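# for reference, the sequence and a predicted model appear below.
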Amino acid sequence: MSSAPRHAAPVRPRQLPAPERRAQILRAAAAAFSVGGYAATSVDDVAKQAGVTKLIVYRHFDSKGDLYRQVLDQVAARLGEEWATHSELALYRGAAVRTLLAVGRELPDGFRLFFVHAPREADFAGYAADFRRLQLRVASQTLTDRLPDGPRRAWTAAMAVDMLIDAVLEWLELGDPRDDAEWADRTTEGLHAALTVWLV
């Protein structure tokens, strides 16, 4: 006489301290949003990516919009912290490339969300635009001793910011992390060469 088949008990998410669980959900949200976009990604998708229930997601975040915004805030905060560690370097001496690369390696999905996807999302385009204005202001300030204020300095700052963001995004996609230090040095040299031409 065969016994009735046993059904495995559902696997319950491992208990984590609240800060660790929150960080886990943020990583999962960044990954899910970077694939499906904001509109097409549900809280269920985020929960599945994190390996938790939707209820657990809602214990830590109020809504899908809150999740998306928190991912952006996390990236912005890390960029600010990393910039502070390199702030003694000028834009064209390595501060920007090292800041962007460090945060891109640490939070790759969030980084792409921040610089690629958020500017295209109607609900978050303003957030992205505000941060871009900050980037351009910082870049412009680092050029104060090289160019007078005006359209040429604004253009140079915008070119430098765009060049570095695009370079880091491509390197995150194609580059070997073991070569990061050499790549950062070469990219800094390339930016310095470009600025030398632009600032003549």
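Alright, I've got the coordinates. Numbers count the residues shown, from 1 in each chain.

# tell me the buried residues in the helix or strand hosting residue 101?
Secondary structure assignment for residue 101, by DSSP states H and E: helix 95-106. For helix 95-106, burial by neighbour count (16 or more other Cβ atoms under 10 Å) applies to 95, 96, 97, 98, 99, 100, 101, 102, 103, 104. For the C-beta atoms, the positions are set from N, CA and C on the backbone; glycine is no exception.

# could you pull out the helices for this protein?
18-40, 43-50, 54-60, 64-86, 95-106, 108-112, 125-142, 151-174, 180-198 (DSSP state H).

# residue 119 is nearest to which of these?
helix 125-142 (4.1 Å; Cβ to Cβ).

# who are the packing partners of that closest one?
Here helix 125-142 touches helix 64-86, helix 151-174, going by 3 or more Cβ pairs under 8 Å, 6 or more residues apart in numbering; DSSP states H and E.

# give the contact list for residue 184.
By Cβ atoms under 8 Å, 6 or more residues apart in numbering, residue 184 lies in contact with 94, 97, 98, 101.

# and it, how far is that from residue 110?
20 Å (Cβ to Cβ, to the nearest Å).

# next, the buried residues of the lowest-mean-pLDDT helix or strand in the chain.
One helix or strand of the chain scores below all others by mean pLDDT, DSSP states H and E: helix 125-142, with a mean of 87. The neighbour-count criterion (16+ other Cβ under 10 Å) identifies 127, 128, 131, 132, 135, 136, 138, 139, 140, 142 as the buried residues of helix 125-142.

# what's near enough to touch the second one?
For residue 128, the contacting residues are 72, 114, 115, 118, 119, taking Cβ under 8 Å, 6+ apart as the criterion.

# next one: the nearest residue to residue 79 once chain neighbours are set aside from residue 15, what distance?
Among residues not flanking residue 79 along the chain, residue 103 sits closest, at 5.3 Å (Cβ to Cβ, 6 or more residues apart in numbering). As defined by Cβ to Cβ, residue 103 lies at a distance of 29 Å from residue 15.

# how about residue 85?
34 Å.

# touching, residue 143 and residue 158? I think so.
No: the criterion here is Cβ atoms under 8 Å, and residue 143 misses it with residue 158 at 11.2 Å.
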